[in-house]
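Visitor: Provided below are the primary sequence and the corresponding predicted coordinates.
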Amino acid sequence: MTTKNKTLIAGIIIITTTTIIVMGLFDFLKTKSYNGKFVSEISFNSNRDRQMQMSPQILDQLRKLNVTADKELKLEYFFYTNTADKAQHLANEIEKLNYTVQHGVSAGDKKLFRVTGWTTKMKMADEVVKQWTKQMCELGYKFDCEFDGWGTDPDQNDKTVTTENAFEGLRNMAFSTTPEQIGLTLSTENTVVYGIIMDWEVSGATATTVAYQTGDASLYLSSGGGVIGGGQHQSVNSAAKQFVSLAQTFIVKATKTATTPLPSNDEIKFYLLTNEGIFVGQEQMKNFQNHSSDWLKLFEAGNKVLTELRKTSEK
């Protein structure tokens, strides 16, 4: 495990090593088969096509973090299935590839089983990763398991933080994410919060925590680095969903906005992403510290997401 640089912000450790994960692809809300066949031919083909489309998008984000096609990295992989025997058989096959592997009951659904681990190093060339993704989908299907994507740590070979800061682009992408892009269909009768972006300014730097109704969550740092796609971890996923759910109750305190500026000194901004546009609320840090803010509960929920993201990066 690479040693991680850490910055202490108001008592919270922010990880400056970035993790990129394809996440949210396995839908825990869909109808599952706990007995018999887990992955049908139709669902296999659909998932394989989706994974093949997602991998280039993740590689595009890695390019922004100076990960070239020639750089060799280990990838973290994820599979799900419905019996312990299937998980065991897949794990045995994966061991033959000299990958690290572990399997057990899924934290998100106790009736499912998860197989995960790290590959050997491979080049981050588009075609290499694309072919590997296809192979993983097919390997999972062979043992009636569904491949649920991959992740990586781009700083495996060194401790330096990229000089090309992707913060602005990643933050803008978070604001432009639509409900449809993350698989949501929202009511048209009411204003519904499907995501929240919390910008926290400390000593000239900004920590941006992003969470969506799906449980996906990320952390971007204006100083460079962060954690992208942490919702693959159940603790982050649950905290993110609670954060967004609570944000719905704060819509009456927020005002609609057409702009999304960063917070001023010692200020926290909450941007609520809704089917009716973006709403914003803000507060000074001192009012959270003295517990006088009406936004305190929402801040605490956002802080919980940030803390869970930190924990996953330290594992």
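Guide: Good, I have the coordinates. Numbers count the residues shown, from 1 in each chain.
Visitor: for the rest of this, base every contact and every neighbour count on C-alpha atoms.
Guide: Noted.
Visitor: which helix or strand contains the closest residue to K269 other than its chain neighbours?
Guide: Nearest residue to K269, sequence neighbours excluded (C-alpha to C-alpha, 6 or more residues apart in numbering): Q282, at 4.3 Å. For Q282, the element it lies in under DSSP states H and E is strand 277-284.
Visitor: which stretches of the stretch 51-200 of the chain form helices?
Guide: When assigned using DSSP state H, counting those that start in this stretch, the helices of the stretch 51-200 of the chain occupy the ranges 84-95, 126-142, 167-176.
Visitor: in a markdown table: those helices, plus distance to N303 and mean neighbour count.
Guide: Below are the helices of the stretch 51-200 of the chain laid out as a markdown table (distance: least, C-alpha to C-alpha, whole Å; neighbours: other C-alpha atoms under 10 Å):
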| stretch | distance to N303 | mean neighbour count |
| --- | --- | --- |
| helix 84-95 | 35 | 18 |
| helix 126-142 | 34 | 17 |
| helix 167-176 | 18 | 15 |
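Visitor: who wins for proximity to D148 among the ones you listed?
Guide: Of all these, the one in closest proximity to D148, counting by C-alpha to C-alpha, is helix 126-142 (8.4 Å).
Visitor: and the contacts of the strand holding Q282?
Guide: 251, 253-258, 266-273, 293, 295 (C-alpha atoms under 8 Å, 6 or more residues apart in numbering).
Visitor: what strands line up against the longest strand that the chain contains, and which way round?
Guide: Ranked by residue count and defined by DSSP state E, the top strand of the chain is strand 193-202. Its sheet considered, strand 193-202 pairs with strand 205-212 (antiparallel), strand 267-274 (antiparallel) by DSSP bridges.
Visitor: which pLDDT value goes with S223?
Guide: Predicted confidence (pLDDT) at S223: the value is 66.
Visitor: next: the one 5 residues further on.
Guide: Note on I228: pLDDT of 78.
Visitor: and for the one 4 residues further on?
Guide: Model confidence at Q232, expressed as pLDDT, equals 77.
Visitor: just checking, it touches S218?
Guide: No. Applying C-alpha atoms under 8 Å as the test, Q232 and S218 come out as separate, 10.6 Å apart.
Visitor: okay, those two: which has more neighbours?
Guide: In terms of neighbours (other C-alpha atoms under 10 Å), S218 is the more surrounded of Q232 and S218; the figures are 28 against 24.
Visitor: picking up where we left off before, for the record, mean pLDDT for the longest strand of the chain?
Guide: If you average the per-residue pLDDT over strand 193-202, you get 94.
Visitor: now that strand - C-alpha only, CSV.
Guide: Listed next in CSV are the C-alpha coordinates belonging to strand 193-202 (Å, rounded to 0.1, in the frame of the first residue of the first chain):
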residue,chain,number,x,y,z
VAL,A,193,-33.0,16.7,-4.5
TYR,A,194,-31.0,14.0,-6.3
GLY,A,195,-27.5,15.3,-5.3
ILE,A,196,-25.6,17.7,-3.1
ILE,A,197,-22.3,19.4,-3.4
MET,A,198,-20.7,20.7,-0.2
ASP,A,199,-17.9,23.2,-0.7
TRP,A,200,-15.7,23.8,2.4
GLU,A,201,-13.2,26.6,2.4
VAL,A,202,-10.2,26.4,4.8
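Visitor: beta partners for Y220?
Guide: For Y220, the beta-bridge partners are T208, G226 (DSSP bridges).
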